[in-house]
Structures are given as structure tokens and as C-alpha cells.
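Q: Sequence and predicted structure, then a few things I'm wondering about:
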Amino acid sequence: MQPSKSGYESRAWSAAFAALASLLLVGGCQNMQGKPAAPPPIPEVAVVTVRPEPVELTTELPGRTSAYRIAEIRPQVNGIVLKRMFNEGADVKAGEVLYQIDPAPFQAVLENADAAVAKSEANLSAIRSRAERFKELLPDKAVSQQDYEDAAAAQKLTEADIESWKAMARTARINLGYTRVTAPISGRIGRSNVTDGALVTAHQPLALATIQQMDPIYVDVPQSTTELLRLKRSLEGGRLNQGGANQKKVRLLLEDGTPYFKEGTLQFQDVTVDPTTGSVILRVVFPNPQGVLLPGMFVRAVVREGINEQAILIPQQAVSRDPKGNPVALIVDAGGKVQQRMLVLDRAIGDKWLVSSGLASGDRVIAEGMQKARPGESVKVVPFAAMGKEGAKPGSGARPASKSD
């Protein structure tokens with residue numbers, strides 16, 4: 001029995017595959033026994049060389065505005081309000097009449113006191129003449145000692161009555177002046193709490209209106225005692241310099257984030273710590289000629305801490321975190337090998353970190369290519385070119401220190 005043609009073909013193809021596999025195996029072995037595989041290329045990283053520079057450090061703190069002066073208008077006499085003399089919400093000047101209280105009763109009291117003074121002065125002339133005559137006749141025994149003493153006492157009594165009525169007249173004149181309620185300070189007046197025809201009483205609890213002086217205006221900023229202690233340690237350690245004419249100047253950011261066009265002056269720091277917040281109040285005075293700042297407005301104050309003469313700034317992308325969350329950076333040593341450094345960060349300044357410790361001048365910090373670098377391995381170093389260097393924005397924590405500072 002002869003084998004079929006298909007059987008011969010299948011055996012032929014099997015033999016061909018076996019021969020091809022043998023050739024590939026032999027070639028592979030020869031390749032492995034020939035030249036060794038090329039080593040992987042050295043990773044390339046971009047580095048930033050640490051250069052200490054002077055930087056002005058600032059702190060951004062929330063605060064609220066308050067009026068420079070506040071005057072609550074209250075009547076000092078009883079009476080009926082005849083007319084309100086101002087427009088609500090308008091600016092008023094010191095001494096401007098705000099309300100007119102009915103002056104008729106006080107005018108009558110004043111006229112009565114003036115009349116009593118005139119009457120007593122008219123009687124005084126006759127009583128004084130009588131006392132002088134009795135004094136002349138007393139040596140001749142023409143009048144008794146008692147008559148003379150009675151005349152002298154009547155003169156003194158009349159003189160005292162005159163002074164009393166004059167005092168009453170002055171009081172009546174003062175009360176009459178109080179019927180014209182005037183503004184004690186210049187500023188903006190709010191709404192009126194009484195209308196024409198209202199009965200008011202002296203020193204009543206409800207103010208007739210309130211005047212607030214808003215130019216200049218206060219900004220009260222709470223600062224935590226933790227920040228105060230940190231700042232004190234930095235000054236004592238020589239890391240900050242608070243010299244300069246602009247040290248007490250404060251910048252301001254409005255509620256919508258826009259910078260205020262005027263700088264303020266730090267007036268004082270309170271000496272009492274608020275036990276509920278653990279902070280003290282910094283009071284800053286800002287000019288407010290256009291009335292942009294209103295009492296009670298929420299703002300953010302950028303307070304100058306001082307100048308760090310040896311500040312170390314590195315890009316934020318150069319800092320990573322270890323499994324415990326501690327900041328670390330990779331540097332390239334003099335031998336071209338990667339080393340890991342533990343860092344202590346102070347704050348973010350724009351797109352950079354301010355490093356308190358962990359780096360020194362001349363260190364080359366890896367800013368790009370960290371994923372290709374491993375501690376102890378050699379790397380190829382190229383300069384780091386930042387895509388866009390952004391300056392410190394208002395309130396970002398610092399700005400380059402100028403000579404005037």
C-alpha cells in the first residue's frame with residue numbers, strides 16, 4: 001500500500017519548520033556569544049543651582065475695616081424735633097446743624113433769668129448806698145450796729161442773688177444752644193432714627209443718627225501668637241532684618257482680590273491676647289480719599305515681616321514627599337551622582353518654595369527628570385530653564401528686596 005501525496009507534503013513541511021528553528025537557535029546563540037548588549041544611556045536631568053538672595057517676606061492676614069472716628073448723635077435737652085437738617089448718607093462737616101429742637105421753652109427760661117438779673121442789679125444800687133450811709137453814721141452812734149450789719153448783709157445777699165441768676169441765665173443759654181443739634185465731627189452720616197415732630201429726651205439710649213469718619217480708615221488685623229513667636233525667633237536668630245523706612249507700610253487686598261491703590265501704615269500692635277482666638281490685633285491706618293473702603297468691609301492685609309538676606313528659593317516641582325509626607329529633594333553631587341536631601345520648608349512664594357534648612361549655596365537641585373534619577377546613580381546634568389518665571393504676586397509671601405527697603 002503506497003502513502004498518499006498529502007502525507008508526503010505534511011512530512012515535508014514539518015521537516016522544513018524544524019530546519020528553520022534550528023537555524024534561528026544557532027544564530028541566536030552566536031549573537032549571545034558575540035558582542036555584549038549596549039549599556040543603557042545615562043539619565044539626563046535639569047538642575048537649579050542654589051544661590052541665596054535677599055527676599056522681603058510678607059504675611060497675608062484677614063482683617064476688617066472700622067471707622068477712624070464714630071460719633072453717635074444724642075440730644076442733650078428734652079423737646080420736640082422741629083426739623084431734620086441733613087440728607088441721610090451725606091457727608092457733613094463738624095459744627096453743621098443736624099436737628100432743630102423747639103427752642104421756645106428754653107428761650108423763655110433764658111429771658112426770665114435775664115430779667116431776674118436786671119431786677120437784682122437795680123435793687124443792689126439802693127442797698128449798697130444804704131449800707132455805705134450806715135457805715136458813715138456808725139461812729140457817731142446815729143445808727144445802731146445791728147442796723148448797719150443788716151444793711152451790709154442785705155447787700156451781700158443781693159450780690160449773691162445776682163450771681164445766681166447770672167448762672168441760671170448761662171445755663172439757659174447753653175440749653176438753648178443745645179436745641180440746635182450739631183455734628184461733633186466731620187464724616188458720613190447714616191440714616192436718621194427720628195423724624196420731624198418726634199419727642200426726644202436728654203441723653204436717650206437711642207442715637208438720633210451716627211457719623212463715621214472714613215478718611216482715613218482703620219483696618220484691624222488679628223495675628224496669631226504663634227506667628228508672633230515665629231517672627232521673634234527669626235529676628236533673634238538673625239534670619240530676618242526689619243530695618244528700612246518701609247517696614248511699617250502695609251498693602252491691602254480688597255474682597256474681590258484686587259490690590260488697594262494706597263498703602264497703609266502700621267499704627268500699633270495690641271498688648272492683650274484674645275483668649276478665644278489666641279491672637280492680637282494689629283491696627284493699620286489707610287487713606288481713603290475716594291471712599292472705597294467702608295466700615296465693616298472684609299479685606300486682606302499684606303504685612304511686611306522683614307528681609308531674609310540669605311533666602312534659598314527652589315521651584316516647587318523640585319520638591320517631592322516621602323511616604324511619611326516629609327519634603328525631600330534630589331541633588332547632584334560633585335561626582336555627578338544623585339543624593340537625597342531632607343528639607344524644612346518655610347512657605348510658598350509664587351511658584352517656588354522658601355527652604356529653611358536642608359540645602360546650601362552651590363547645591364544643584366534636580367528640577368526636571370526626577371523620575372529617571374535614583375539616589376546613588378550617575379546622571380547627566382543640564383541647566384533648568386523655567387517656562388515662565390512669575391514674580392511674587394501681592395500677598396504671595398515675598399517680593400525681591402529693594403534698596404529703599
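A: Looks like it arrived, so ask away. Numbers count the residues shown, from 1 in each chain.

Q: my read: I331 touches I366, true?
A: Yes - I331 is within contact range of I366, at 6.8 Å (criterion: CB atoms under 8 Å). Heads up, the C-betas are built off the backbone N, CA and C, glycines and all.

Q: More neighbours: which of those two?
A: Neighbour totals were compared for I331 and I366, and I366 leads with 25 against 22 (other CB atoms under 10 Å).

Q: could you check the distance from I331 over to A311?
A: From I331 across to A311, the span is 18 Å (CB to CB, to the nearest Å).

Q: now do Q107
A: 74 Å.

Q: Tell me where the stretch 51-200 of the chain has strands.
A: 53-73, 79-84, 91-92, 97-101, 180-182, 187-189, 199-200 (DSSP state E, counting those that start in this stretch).

Q: Provide the strand pairings for the third one, with the direction of each partner.
A: Strand 91-92 sits in its sheet next to strand 187-189 (antiparallel), going by DSSP bridges.

Q: How about the strand it pairs with, which residues are buried there?
A: For strand 187-189, burial by neighbour count (16 or more other CB atoms under 10 Å) applies to 187-189.

Q: swap in stretch 88-97?
A: Quick answer for stretch 88-97 (16+ other CB under 10 Å): V92.

Q: Show me the shaky parts of the chain.
A: Along the chain, the model assigns pLDDT under 70 to residues 1-39, 238-246, 386-405.

Q: Show me how it divides into domains.
A: 49-65+214-400, 75-102+179-206, 104-178 (automatic domain parsing).

Q: ends of the shortest one, how far apart?
A: Translated: domain 75-102+179-206. Length of domain 75-102+179-206, first residue to last, CA to CA, to the nearest Å: 10 Å.

Q: where do the helices sit along the chain?
A: Under the criterion DSSP state H, helices of the chain are mapped to 5-33, 104-137, 145-178, 225-236.

Q: So in terms of bridging, what pairs with L253?
A: Beta-bridge pairing of L253 under DSSP bridges involves P259, R300.

Q: likewise G264?
A: Assigned bridge partners for G264, using DSSP bridges, are V250.

Q: Next: the one 10 residues further on.
A: On the basis of DSSP bridges, D274 is bridged to S279.

Q: so what's in contact with I331 and I366 at the same time?
A: Shared contacts of I331 and I366 (CB atoms under 8 Å, 6 or more residues apart in numbering): 47, 338.

Q: For the residue lying closest to V271 once chain neighbours are set aside, give me its contacts.
A: Spatially, and ignoring its direct neighbours in sequence, V271 is nearest to V280 (7.4 Å; CB to CB, 6 or more residues apart in numbering). If you count contacts by CB under 8 Å, 6+ apart, V280 has them with 222-223, 225, 228, 269-274.

Q: residue boundaries of the strands in the stretch 251-400 of the chain?
A: Taking DSSP E, counting those that start in this stretch as the criterion, the stretch 251-400 of the chain carries its strands at 264-269, 279-286, 298-315, 320-321, 327-332, 338-342, 344-349, 352-357, 364-368, 380-383, 398-400.

Q: T65: which of these is closest?
A: When the strands of the stretch 251-400 of the chain are compared by CB to CB, strand 298-315 sits nearest T65, at 6.3 Å.

Q: tilt between that closest one and strand 352-357?
A: 70 degrees (axes from the mean of the first three to the mean of the last three CA atoms, to 10 degrees).

Q: Okay, A152 and V109: tell me how far apart.
A: 32 Å.

Q: Please apply the same query to N87.
A: 32 Å.

Q: Neighbour count for those two, which is higher?
A: V109 (17 against 10).

Q: wait, what's in contact with the more buried one?
A: Counting by CB under 8 Å, 6+ apart, V109 has contacts 168, 172, 175-176.

Q: Tabulate these (TSV), appending neighbour count.
A: Formatted as TSV, the contacts of V109 follow (neighbours: other CB atoms under 10 Å):
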residue	neighbour count
M168	17
A172	20
N175	21
L176	19
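
Q: Out of those, the closest to N193 would be?
A: N175 (22.2 Å).

Q: burial measure for S164, as a count.
A: 14.

Q: pretty sure G362 is touching V47, no?
A: No - shown here, G362 and V47 do not form a contact pair, counting by CB under 8 Å, at 11.4 Å.

Q: Which one's more surrounded, those two?
A: V47 (21 against 10).

Q: State the distance from R173 to T179.
A: Taken as CB to CB, the span from R173 to T179 is 11 Å.

Q: Comparing those two, which shows the higher neighbour count?
A: T179 (21 against 16).

Q: show me what contacts the more buried one?
A: 77, 79, 100-103, 106.

Q: Just the buried subset of the residues you listed, please.
A: Counted by 16+ other CB under 10 Å, those give 77, 79, 100-101, 103, 106 as buried.

Q: now those in a markdown table, with distance to A142?
A: Formatted as a markdown table, the buried ones among the contacts of T179 follow (distance: CB to CB, whole Å):
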| residue | distance to A142 |
| --- | --- |
| V77 | 54 |
| G79 | 57 |
| Q100 | 61 |
| I101 | 59 |
| P103 | 54 |
| F106 | 50 |
